[in-house]
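Participant: Here you go, sequence then predicted model.
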Amino acid sequence: MMPMLRNTLRLAMACWLTALVSPASAQPTPEPEISEFWFAKDRTKAGVAASIIGMGNQPWMAAAHREVGKAYLIWDELTTISDVAPSLNEEWLGLIKDNTAMPRLVGKLPNEIPKDDRATYNLYGQALVYASQTPAEAFVKSAEENKYIFFSHLWNAPQKHRGKVVTVRGQLVKLEKLDATLNAKKEGVLHLYEGWVFGQTKGATPYCIQFVTLPKNLKPAEQMREEVVFHGYFIKKVKYRGGDGKDHVSPLLIGATVRTMEAKELADEEAAATTPFSITSLLIAACLVGAVTVVMLAINRWFRRTDDRTRAKLVDIQAQSTIEAMEAAERAVRSPTPPGNV
C-alpha cells in the first residue's frame with residue numbers, strides 16, 4: 001500500500017510540474033527570452049523543491065537536483081560575502097563563442113536557440129547578478145591576480161582568459177544606461193551602464209565595459225573624455241555594428257562599477273610610462289657597465305705588463321747577440337802569434 005501511495009504522489013507532482021512548463025494550448029508559443037521559467041523564482045523554487053522531495057530515498061538524485069537549481073540561479077548562491085569575486089559557471093564559459101554578436105532570443109523557441117547563445121545569455125545574466133551582489137573591492141582583489149593580462153592576451157587567447165577578472169585602464173568616451181536582461185531582472189538587477197574605453201594599446205579597438213553601479217561623479221553622455229579604471233569579468237570578444245556602418249569586435253567585460261582616475265594617480269602612471277627603465281634597472285645597468293670597465297682596464301694592464309716583459313727579453317737577446325757579434329769580430333781581426341822556434 002505504501003509503495004503505491006508513494007508512486008501516486010510522485011506521479012501527481014510530475015503532472016503538476018508539467019502543467020507549469022506546458023503551454024495552455026497545443027500550439028507552442030515563443031518564450032520572450034531563454035530560461036524564463038528557470039529565472040522565475042516564485043515558481044521554480046517550489047517546483048524544484050517538489051522534485052527533490054519526490055526523490056524519496058535517493059539522496060544522490062536530490063543532491064543533483066539541488067546543484068542544477070544552483071546552476072540556474074534558483075537558489076541564492078552568494079550567502080556570504082567573499083573578499084574576491086565569485087567564479088562564473090564553468091560549463092557556460094566553455095560553450096561561448098567569440099567574434100559573434102550578443103544573442104537575440106525574442107520570438108525563438110527553446111529548441112531553436114544554439115547552445116552557445118544559450119550559454120552566453122545565461123553567463124551574461126549571472127555576471128550581472130554577481131556584479132550587483134559583490135563589493136567592488138572584491139573585484140579589485142581578484143583583478144590583482146591577473147594584473148599581467150592586457151588587451152593582447154584577451155584578443156589573441158580569449159578562451160584562456162574567459163571568466164577571469166581583469167583590469168582596464170583608459171579613456172572613457174561614451175556612457176549610456178541600458179535595461180538588464182530578464183534573468184538579471186529576476187534577481188533585482190533592473191538596469192546596467194555600458195561604457196566604451198580606449199585602453200593603453202595603440203590602434204586597438206575600445207573595450208566594452210558594463211557595470212551595475214554608477215559613480216556619483218559620472219553621468220551617461222554620448223561623448224566624454226574621462227580617464228578611468230575598471231575591474232570586471234572578461235566575457236567574450238563581441239561583434240557589433242559601429243557608427244560607420246561596419247562590423248567591429250571588442251572585448252566585453254562586466255563588473256561592479258568604474259572609477260575615475262585622480263590627477264595625481266594619472267600623473268604617476270604617465271611618469272612611469274615615459275620612464276624606459278626603473279631605478280633598479282638603472283642601478284643594475286650602471287653596475288654592469290662599471291664591472292665591464294674594470295675588467296677591460298685589468299686586461300689592458302695585463303697586456304701592457306706582458307708587452308713590457310717581451311720587450312725586455314727582446315732587448316736582452318739583442319744586446320747578447322751584439323756582444324757575441326763584437327767578440328767574434330774582435331777574434332777575426334786579432335794578429336796571429338808567431339810560431340816558436342823548433
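Facilitator: Good, I have the coordinates. Numbering: from 1, shown residues only.

Participant: quick check: domain ranges of the protein?
Facilitator: Per the record, the chain has its domains at 1-75, 118-273, by automatic domain parsing.

Participant: just flag whichever of those domains has the lowest average confidence.
Facilitator: The weakest mean pLDDT among these belongs to domain 1-75, with a mean of 50.

Participant: which residues in the protein form helices?
Facilitator: For the chain, the helices defined by DSSP state H occupy 2-21, 41-53, 59-71, 90-95, 115-133, 136-144, 151-156, 158-161, 182-185, 263-274, 279-333.

Participant: Surely Glu227 is in contact with Met261?
Facilitator: Yes - when contacts are counted by Cβ atoms under 8 Å, Glu227 is listed as touching Met261 (4.4 Å). (Each C-beta comes from the backbone N, C-alpha and C, glycine too.)

Participant: Need the residues touching each of the two.
Facilitator: Arg169 (Cβ atoms under 8 Å, 6 or more residues apart in numbering).

Participant: Just give the nearest non-adjacent residue to Leu88, would you?
Facilitator: In this structure, Leu88 finds its nearest non-sequential neighbour in Gly163, 4.6 Å apart by Cβ to Cβ, 6 or more residues apart in numbering.

Participant: wouldn't that neighbour be in contact with Gly232 here?
Facilitator: No - shown here, Gly163 and Gly232 do not form a contact pair, counting by Cβ under 8 Å, at 10.9 Å.

Participant: check contacts around Phe198.
Facilitator: Going by Cβ under 8 Å, 6+ apart, Phe198 touches 170-171, 173, 204, 206-207.

Participant: quick revisit: separation between the residue nearest to Leu88 and Ala127?
Facilitator: Here the criterion is Cβ to Cβ, to the nearest Å. By it, Gly163 lies 9 Å from Ala127.

Participant: Grab the nearest non-local neighbour of Glu194.
Facilitator: Gln210 (5.0 Å).

Participant: Quick check: beta-bridge partners of that neighbour?
Facilitator: Beta-bridge partners for Gln210, by DSSP bridges, are Glu194, Ile254.

Participant: pretty sure it contacts Ile254?
Facilitator: Yes - using Cβ under 8 Å, Gln210 makes contact with Ile254 at a distance of 4.9 Å.

Participant: which one of the two has more residues nearby?
Facilitator: Between Gln210 and Ile254, Ile254 has the larger neighbour count (other Cβ atoms under 10 Å), namely 26 against 23.

Participant: Just list whatever residues bridge to Asp247.
Facilitator: Here Asp247 sits in beta bridges with Arg241, going by DSSP bridges.

Participant: can you pull the contacts of it?
Facilitator: Neighbour list for Asp247: 239-241 [criterion: Cβ under 8 Å, 6+ apart].

Participant: Out of these, the closest to Glu324 would be?
Facilitator: Lowest distance from Glu324 to the contacts of Asp247 (Cβ to Cβ) belongs to Lys239, with 97.2 Å.

Participant: in terms of contact, does the closest one touch Val249 like I think?
Facilitator: Yes - the pair Lys239 and Val249 qualifies as a contact (Cβ under 8 Å) at a distance of 5.2 Å.

Participant: Please enumerate the shared neighbours of these two.
Facilitator: Joint contacts of Lys239 and Val249 (Cβ under 8 Å, 6+ apart) are Asn99.

Participant: Looking at the two, which one has more neighbours?
Facilitator: Neighbours of Lys239 and Val249, each counted by other Cβ under 10 Å, are more numerous for Val249; the result is 17 against 14.

Participant: so what's the more buried one up against?
Facilitator: 98-99, 205, 237-240.

Participant: how about those residues in TSV, adding distance to Trp155?
Facilitator: Compiled in TSV, the contacts of Val249 are given as follows (distance: Cβ to Cβ, whole Å):
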residue	distance to Trp155
Asp98	10
Asn99	11
Thr205	9
Lys237	7
Val238	12
Lys239	13
Tyr240	15
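
Participant: out of the residues you listed, who has the most neighbours?
Facilitator: Busiest of these [other Cβ under 10 Å] is Lys237, holding 20 neighbours.

Participant: Which residue, other than its chain neighbours, is closest to that residue?
Facilitator: Asp98 is the one closest to Lys237 (Cβ to Cβ, 6+ apart), at 4.1 Å.

Participant: That neighbour: what's it in contact with?
Facilitator: Applying Cβ under 8 Å, 6+ apart to Asp98 gives the contacts 158-159, 236-237, 249.

Participant: can you tell me which two in those residues are farthest apart?
Facilitator: Gln159 and Val249 (14.9 Å).

Participant: before we move on, back to that, of the contacts of Asp98, which is the nearest to Pro135?
Facilitator: Distances from Pro135 to these, taken by Cβ to Cβ, are shortest for Lys236, at 24.8 Å.

Participant: From Thr120, how far out is the closest one?
Facilitator: For Lys236 relative to Thr120 (Cβ to Cβ), the value is 7 Å.

Participant: Common neighbours of these two, please.
Facilitator: By Cβ under 8 Å, 6+ apart, the residues touching both Lys236 and Thr120 are 96-97.
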